[in-house]
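1. Need coordinates for the following:
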Amino acid sequence: MPAEPPSANPFARHYLRRYAFAWEQLAGRTGAHLDLGCGEGEFLAALAQTAKLSCRGADAHPGYLAALAQRCPDLPLTQLSPDGGLVFPAASFDSVSLLDVIEHVPDEAAALREIHRVLVPGGLLVLTAPRRHVFSFLDPDNAKFRFPRVHRLVYTARFGRDVYAERFADLSNGLRGDMSAARQEHTNYRPAALLALLAQAGFAPVTVTGANLFWRWFHVPALLLRGRAAALAERAIYLDGELFSSANIFITARRLA
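-> The predicted structure follows:
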C-alpha cells in the first residue's frame, strides 16, 4: 500500500488545479519520478521537497532549465531534444508527470510511447491537458498562430523585442516559445481522443477528471495584469476550478506490461 502523503498539499489553494491534482496522485508514492516538461519547476520543486520520491526534471527549453537549476541546484535535470525523444534507459522511472505538456510536443503518440518505454511495468503516468470545450477559442497559446501581429505587439510590450525575437522569431532551437516549432496548434483535446492515444501507447486509465469552465475569461487578463489585479484574476480561476470540471482533463494511467 502507498504511504500516506507526508504533508499537506502545497497546491491546495493554487489557482492552477492541475498541480494540486498531480501532487495528490504522487505524494504518497516512492521510487524514481520524472517531471517531463518541468518548465521552471514550480510543481517539481514542491514535489521534491514534500514527497519521498527521487525526482528528476526534464525539458527541451534551456532557459527554463537554467532558471530551475539556479533555484534548486541539487535537483537532477536533463535537457531534451525538441523532437520528443527521451534519453533515459527503459524502465527508469516508477512514475512520470506530464502536466499540460502533451499539447506542446511534435508527436503525441510518439511521446506517449517513449513514456511507456521509460516507465516500469505498472508505473503511473499523471497527465493533464486542455480540454476542447465551448471556450477553447480563448486559448491564449493559439494567439501566436491565429493573430501573429497582435501576439507580437502584446508580447513585445510586456517582455521587450529581444525576448520576443529569442522565443518566437528564432526557431533554431526547435521551439516556438515553449512549443515544438513543428506544431501549428496548441491542441485542446476531446477526452475520448486523448484516452485513445493512451490506449494505443499501452496505458490503462485509472482516473479521469478535470477542472474549470470559465477560466480562460480570467486567464488571459491574469497574463497581462500585475499586482492585486492579477491576484484577483488568479483567485477567480481557482474558484472556477473548484466549481466546474469541463475545461481541463486530468488523467492517471498505468503502464501495461
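2. can you map out the strands along this protein?
-> 30-36, 52-59, 77-79, 93-99, 119-130, 175-176, 179-180, 203-211, 248-255 (DSSP state E).
3. ok, Q25 touching T128?
-> No. Counting by Cβ atoms under 8 Å, Q25 does not reach T128; the two are 10.4 Å apart. Every C-beta, even on glycine, is put in place using the N, C-alpha and C of the backbone.
4. With neighbour numbers in mind, choose between the two.
-> T128 (25 against 20; other Cβ atoms under 10 Å).
5. residues contacting that one?
-> Residues near T128 by Cβ atoms under 8 Å, 6 or more residues apart in numbering: 18, 21-22, 98-100, 248-251.
6. right, and H61 touches L175 too?
-> Yes. Using Cβ under 8 Å, H61 is in contact with L175, at 6.2 Å.
7. Tell me which of the strands of the chain sits nearest to A236.
-> Closest approach to A236 among these (Cβ to Cβ): strand 203-211, 13.4 Å.
8. Listing partners with orientation, what would you give for the closest one?
-> With DSSP bridges as the test, strand 203-211 is paired with strand 248-255 (antiparallel).
9. got the CA coordinates for the partner strand in PDB?
-> The C-alpha trace of strand 248-255 is given here as PDB (Å, rounded to 0.1, in the frame of the first residue of the first chain):
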ATOM      1  CA  ASN A 248      -9.100  20.700 -18.400                       C
ATOM      2  CA  ILE A 249      -8.600  17.000 -18.400                       C
ATOM      3  CA  PHE A 250      -6.800  15.300 -15.600                       C
ATOM      4  CA  ILE A 251      -5.800  11.600 -16.100                       C
ATOM      5  CA  THR A 252      -3.900   9.000 -14.200                       C
ATOM      6  CA  ALA A 253      -3.000   5.800 -16.200                       C
ATOM      7  CA  ARG A 254      -1.000   2.700 -15.600                       C
ATOM      8  CA  ARG A 255       1.700   1.400 -17.900                       C
END
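10. Start at 55, not 1
-> I'll keep to 55 as the first residue from here, and by that count the last item is strand 302-309.
11. Mean pLDDT and distance to Y209 for the strands of the chain - can I get that in TSV?
-> Output for the strands of the chain, formatted as TSV (pLDDT from 0 to 100; distance: least, Cβ to Cβ, whole Å):
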stretch	mean pLDDT	distance to Y209
strand 84-90	98	26
strand 106-113	97	20
strand 131-133	97	24
strand 147-153	98	23
strand 173-184	98	20
strand 229-230	92	12
strand 233-234	92	14
strand 257-265	98	27
strand 302-309	98	24
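12. Now render the ones you listed as TSV, adding distance to P275.
-> Listed next are the strands of the chain as TSV, based on distance: least, Cβ to Cβ, whole Å:
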stretch	distance to P275
strand 84-90	28
strand 106-113	27
strand 131-133	32
strand 147-153	23
strand 173-184	18
strand 229-230	24
strand 233-234	22
strand 257-265	19
strand 302-309	18
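13. Any idea which of those gets closest to I291?
-> The stretch from the strands of the chain with the least distance to I291 (Cβ to Cβ) is strand 257-265; that distance is 9.6 Å.
14. Which parts of that closest one count as buried, going by neighbours?
-> In terms of neighbour count (16 or more other Cβ atoms under 10 Å), strand 257-265 has its buried residues at 257, 259, 264-265.
15. ok, of those residues, which one's closest to G177?
-> Nearest to G177 among the buried residues of strand 257-265, with distances taken as Cβ to Cβ, is F257, at 9.7 Å.
16. residue ranges of the helices in the chain, please?
-> 71-80, 96-104, 116-125, 162-172, 197-200, 202-213, 215-218, 245-254, 269-278, 281-297 (DSSP state H).
17. Dump the ones you listed to TSV, plus distance to D148.
-> Formatted as TSV, these follow (distance: least, Cβ to Cβ, whole Å):
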stretch	distance to D148
helix 71-80	10
helix 96-104	13
helix 116-125	22
helix 162-172	10
helix 197-200	36
helix 202-213	38
helix 215-218	37
helix 245-254	18
helix 269-278	32
helix 281-297	28
